[in-house]
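Chemist: need a 3D model of the following:
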Amino acid sequence: MAKLSIIVPMYNVQAYLPECLDSLLAQTFTDIEIICVNDGSPDDSYAIAQDYAKRDTRFMLIDKPNGGLSSARNAGILAAHAPYVCFLDADDRFKPQTCERIVQELDANHADVLVFGGEALQHSESYAWLEDVLSPRNVIYHTCTPELLFTEAVKPFSWRLACKRAFLCEQQILFNEQVRYGEDQIFAFELFSQSRTTQLISDKLYEYRIIHKTSLLNTMLQDTTALLLEHIKLQQIIFDSWKDRGILQTYASYQLEWLMEFYLFDALSLDTQDFLTVWEAARKQLHDNFERQHITTARLRHASKTILLACYDGKPLSANQRKLLKLRYLLAKRGVRGIVKRILRGRAKVHS
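Modeler: Numbering: from 1, shown residues only. Model (predicted):
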């Protein structure tokens, strides 16, 4: 039996798939199972994968009706045989030593989840945010802590994770197939909050293609209001899960600060009508999940608490008030030097 199952979802990736699969053939560790899941792709992706399977018995092919990325990844997880599972998007690449390093670390430290680093496939297309989130430090957590979930570089991409298959099965953790996008965020909050041992390594093992990204997220980035409303829906799925497990209030301070980061801060930049739409949806979410005292007593930045309380109370904010609150939030979060650095770097590029 193979030691590592690599799940490769395929949909309209014929131009990039050979490069992706070639990166698996080039692995220094060969005891692998490559599960190519054709998610009803209308192009020649499945035919390309079939050709690889004819030449190498380590390839397993799954052909299924289109159900989305989460559905494809779940089909791969359920079909996997190896003790360890990881993910590779079909337009990206593994470095030659990726599988070897994954197995080495999981064998040595017996973590439920391993997080590794990555880099842009076209280095010239990289940008500060991407480099930050794909640069974890070397550390092992033997329990779930807020620092792991909210301060470490472990989100938002599932393709930089490797997991024990037994852990996923025991905890019944799969990707949520009901969301339009953002499945990685939901998966991360489920995964890390239930992992008994989580290991982060700084090795840059993944090559992430930026130029090709024509995903639903990139389309939605053209409509900020719609994007933030989707973020609210994603946040509610996480809240519901954590309430069912009785841990939401335990981590209220962290989740409220994360809510600020995830969508409420960006809402302050919208035109008045769009702002009011998101503001009302956020107010409802706060009322559905927290009492006012949860916000007043939470360990939050002063600027975050001010914004959250204004939202909870349904307080109308003028354009000038929103600008001032944005500035206070940025100063509290990054300081003057951080703001200057952000301006000099420019805004982050589109990603998915």
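Chemist: which intervals of the stretch 51-200 of the chain have sub-threshold pLDDT?
Modeler: 124 (pLDDT under 70).
Chemist: can you show me the strands along it?
Modeler: Ranges of strands within the stretch 51-200 of the chain are 59-64, 84-87, 93-94, 113-120, 139-141, 161-164, 198-208, based on DSSP state E, counting those that start in this stretch.
Chemist: just give me the residue right at the centre of this structure.
Modeler: Compute the mean C-alpha point of the chain, and by CA atoms, centre = their mean the closest residue is P156, 2.2 Å away.
Chemist: and that one, its phi and psi?
Modeler: Here is the backbone geometry of P156 (degrees, to the nearest 10): phi -110, psi 10.
Chemist: give the contact list for it.
Modeler: Applying CB atoms under 8 Å, 6 or more residues apart in numbering, we find P156 in contact with 133, 184-185, 188. Using the backbone N, CA and C atoms, a C-beta is placed for each residue, glycine as well.
Chemist: closest one of the residues you listed to A332?
Modeler: V133 (21.0 Å; CB to CB).
Chemist: wait, isn't that closest one in contact with Y127?
Modeler: No. Counting by CB atoms under 8 Å, V133 does not reach Y127; the two are 10.7 Å apart.
Chemist: now stretch 182-199, how far from the chain's geometric center?
Modeler: Distance of stretch 182-199 from its chain centroid, counting by CA atoms, centre = their mean, to the nearest Å, is 9 Å.
Chemist: state the distance from D132 to H123.
Modeler: Look at D132 and H123: by CB to CB, to the nearest Å, they are 15 Å apart.
Chemist: same question for I7.
Modeler: As judged by CB to CB, I7 and H123 stand 26 Å apart.
Chemist: so between those two, which is more surrounded?
Modeler: I7 (26 against 8; other CB atoms under 10 Å).
Chemist: for the more buried one, report the pLDDT, please.
Modeler: Per-residue confidence for I7 comes out at a pLDDT of 98.
Chemist: just the closest of the contacts of P156 to L268, please.
Modeler: L268 lies nearest to Q185 out of the contacts of P156, by CB to CB, at 21.1 Å.
Chemist: just the strands of the stretch 51-200 of the chain: most buried one?
Modeler: strand 84-87 (a mean of 26; mean count of other CB atoms under 10 Å).
Chemist: list the neighbouring strands of that strand plus their orientation.
Modeler: Sheet pairing of strand 84-87 (DSSP bridges) gives strand 4-10 (parallel), strand 161-164 (antiparallel).
Chemist: what's the burial count for N176?
Modeler: Neighbour count of N176, defined by other CB under 10 Å: 17.
Chemist: next one: phi and psi at it?
Modeler: phi -80, psi 120.
Chemist: how near is it to D184?
Modeler: Separation of N176 from D184 (CB to CB): 10 Å.
Chemist: likewise I62?
Modeler: If you go by CB to CB, the gap between I62 and D184 works out to 21 Å.
Chemist: please apply the same query to F192.
Modeler: 12 Å.
Chemist: likewise for R101?
Modeler: Taking CB to CB, one finds R101 at 21 Å from D184.
Chemist: same check, this time on A79
Modeler: To D184, A79 is 20 Å away according to CB to CB.
Chemist: ends of stretch 145-160, what's the gap?
Modeler: 20 Å (CA to CA, to the nearest Å).
Chemist: tell me which of R101 and D184 has more neighbours.
Modeler: D184 (23 against 18).
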